[in-house]
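Student: What would the 3D arrangement of this be:
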Amino acid sequence: MGKAATKWDCGLVPESKLQFDMLRRLRFKYSTKMLLHEFNVYRERVLMEAKEFDKVDPGTKFITIVEAYKNRNKREDVKDMRLIQQ
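Tutor: Predicted structure coming up:
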């Protein structure tokens, strides 16, 4: 049998700011790969929006990201409501 999960060596450092940063980069890498994968039916739209967002000045990008983060719960509620209505 395998080892207990606490004994796994997954290449991450112990819980710390460094581990948090490593996990954030890993999440970014995986989400990017999924969003831009050829099987994603929204790939072209995602790519187009990313290119447009890249043209925005850094200050506006930062504000947009912060606002999206603040409003993330509202988006999830809307998504949940759509699932309930179907």
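Student: Need the residues that contact stretch 46-59.
Tutor: For stretch 46-59, the surrounding residues in contact (C-beta atoms under 8 Å, 6 or more residues apart in numbering) are Leu35, Leu36, Asn40, Lys61, Thr64. Where you see a C-beta, it was placed from the backbone N, CA and C, and this is true even at glycine.
Student: Show me what the mean pLDDT comes to for the helix ranked longest in the chain.
Tutor: Looking across the chain with DSSP state H, the single longest helix is helix 17-35. Mean pLDDT, helix 17-35: 92.
Student: Kindly report the same for stretch 65-77.
Tutor: 81.
Student: How about that stretch, which residues are buried there?
Tutor: Within stretch 65-77, no residue counts as buried by 16 or more other C-beta atoms under 10 Å.
Student: Just the CA trace of that stretch, in CSV.
Tutor: Extracted C-alpha coordinates of stretch 65-77, given in CSV (Å, rounded to 0.1, in the frame of the first residue of the first chain):
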residue,chain,number,x,y,z
ILE,A,65,-8.2,42.3,-11.0
VAL,A,66,-8.8,43.7,-7.5
GLU,A,67,-12.5,44.4,-8.3
ALA,A,68,-12.9,41.0,-9.9
TYR,A,69,-11.5,39.4,-6.7
LYS,A,70,-13.8,41.4,-4.5
ASN,A,71,-16.9,40.5,-6.6
ARG,A,72,-16.1,36.8,-7.0
ASN,A,73,-18.8,35.6,-4.6
LYS,A,74,-21.4,37.5,-6.6
ARG,A,75,-20.4,35.6,-9.8
GLU,A,76,-20.6,32.3,-8.0
ASP,A,77,-24.0,33.1,-6.7
